[in-house]
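**Q** Could you look at this predicted model? Sequence included:
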Amino acid sequence: MQQAAGSTSSSKSAAGEPCKRILYKGHNPISPSQRVGLTFISAFSAFADPERADMVAALGETTGHRALKQMHHRMLQDPDGIELLRERPQLDEHSVDLEALGQLPSGTFGKAYADFMAHNQFTPDSRLPVRFVDDADLAYVMARYRQVHDLWHVLSGLPPSLEGEIALKWFEMVQTGLPVAAISALVGAARVPREGRAALRQKLVPWAIRAGRRSVPLMNVWYERYWDMYLSNFREKLKFEPAPQ
């Protein structure tokens, strides 16, 4: 996410308030009043239809400033976190060779990730880009958070089912403090069938809180360097307790 050349801060929004300059590719600067409006619109849309990924993403960006700053601060306290912020690696189709990862030995982290993506017909580019975060460093933190979501599925062993996603959102809430994780977890729980709620309440949510607290700060991990490590060893390194099956 590099700052755009020739950006300007002289334009004005429809509300008559100054717009900030473009800070990174895809950045959409908005005024404070527009941000408030977008927060309400995205929240209403996300509550009405949790499948609206664009609205969930917008809500995460308009409500996540404080949590992103805290995540950024924790990254600055860690050598790997500092390197990640400096180098800004991307988990996308240009940098991740799923075919090559699929050839790694069974049981490795990379092989498990490739199998997960193939089984669910996901691609590394499936996550929406960041648009409304008015800080290039924090925008990268948000982008990285989205990009490692599927890796956390692999580490946890949770499927991308409704219950699995809700449990992972609880885990993310503990690890990141992002309000959108809490909102997604609570809204999603209302859509879970009665029998699934018991599993969430009795097993998955307690696991998510416990594992989120015990694991190392996972935003500081350069996952791409551990593709060939066995998943069990990688979990041990990260102090990551897999979810109950």
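**A** Structure's in. What do you need? Quick caveat, the model's predicted, so the values are computed rather than measured. Residues are numbered from 1 along each chain as shown.

**Q** just checking, next helix/strand downstream of the lowest-mean-pLDDT helix or strand in the chain?
**A** Scoring the helices and strands of the chain by mean pLDDT, DSSP states H and E places helix 194-199 at the bottom, with a mean of 86. Per DSSP states H and E, the first helix or strand lying C-terminal to helix 194-199 is helix 205-214.

**Q** Sketch out the low-pLDDT regions of the chain for me.
**A** Scanning the chain for pLDDT under 70 picks out 1-19.

**Q** how about the helices of it, start to end?
**A** With helices called from DSSP state H, the chain shows them at 32-48, 53-63, 65-76, 79-87, 98-101, 109-120, 136-147, 149-156, 162-176, 179-189, 194-199, 205-214, 231-238.

**Q** Minimum distance to Lys25: which of these has it?
**A** helix 136-147 (9.6 Å; C-beta to C-beta). The C-beta positions use only the backbone N, C-alpha and C, and glycine is treated the same way.

**Q** re earlier: right, so of the helices of the chain, which gets closest to Arg225?
**A** Short answer: helix 79-87, nearest of the helices of the chain by C-beta to C-beta, at 8.9 Å.

**Q** Pull the residues that contact that closest one.
**A** Contact with helix 79-87 is made by 72, 74-76, 137, 140-141, 144, 217, 219-222, as judged by C-beta atoms under 8 Å, 6 or more residues apart in numbering.

**Q** Next: stretch 237-245.
**A** In contact with stretch 237-245 (C-beta under 8 Å, 6+ apart) are residues 155-158, 167, 203-204, 207-208, 210-211, 214-216, 218, 221, 226, 229, 234-235.

**Q** Buried only: go through those residues for me.
**A** 155-156, 158, 167, 204, 207-208, 211, 215, 218, 221, 226, 229, 234-235 (16 or more other C-beta atoms under 10 Å).

**Q** which secondary structure elements does the least confident helix or strand of the chain contact?
**A** helix 162-176 (3 or more C-beta pairs under 8 Å, 6 or more residues apart in numbering; DSSP states H and E).

**Q** ok, Gly102 to Ser95 distance?
**A** 16 Å (C-beta to C-beta, to the nearest Å).

**Q** Neighbour count: the two, which is higher?
**A** Each of Gly102 and Ser95 has its neighbours counted (other C-beta atoms under 10 Å); Gly102 has more, 14 against 11.

**Q** circling back: out of the buried ones among the contacts of stretch 237-245, flag the one nearest to Lys111.
**A** Met229 (10.6 Å).

**Q** gap between that closest one and Glu83?
**A** 18 Å.

**Q** What's the local residue count around Met219?
**A** Neighbour tally, Met219, other C-beta under 10 Å: 19.

**Q** residues contacting it?
**A** Met219 sits next to 71, 74-75, 81, 141, 144-145, 148, 175-176 when contact means C-beta under 8 Å, 6+ apart.

**Q** now the residues you listed as CSV including distance to Gly37 and neighbour count?
**A** Shown next, in CSV, are the contacts of Met219 (distance: C-beta to C-beta, whole Å; neighbours: other C-beta atoms under 10 Å):
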residue, distance to Gly37, neighbour count
Met71, 26, 24
Arg74, 31, 15
Met75, 31, 21
Gly81, 34, 21
Val141, 24, 27
Arg144, 27, 20
Tyr145, 24, 25
Val148, 30, 19
Gln175, 30, 21
Thr176, 25, 24
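
**Q** follow-up on the earlier one: what residues sit buried inside the least confident helix or strand of the chain?
**A** Those would be Gly196, for helix 194-199 by 16+ other C-beta under 10 Å.
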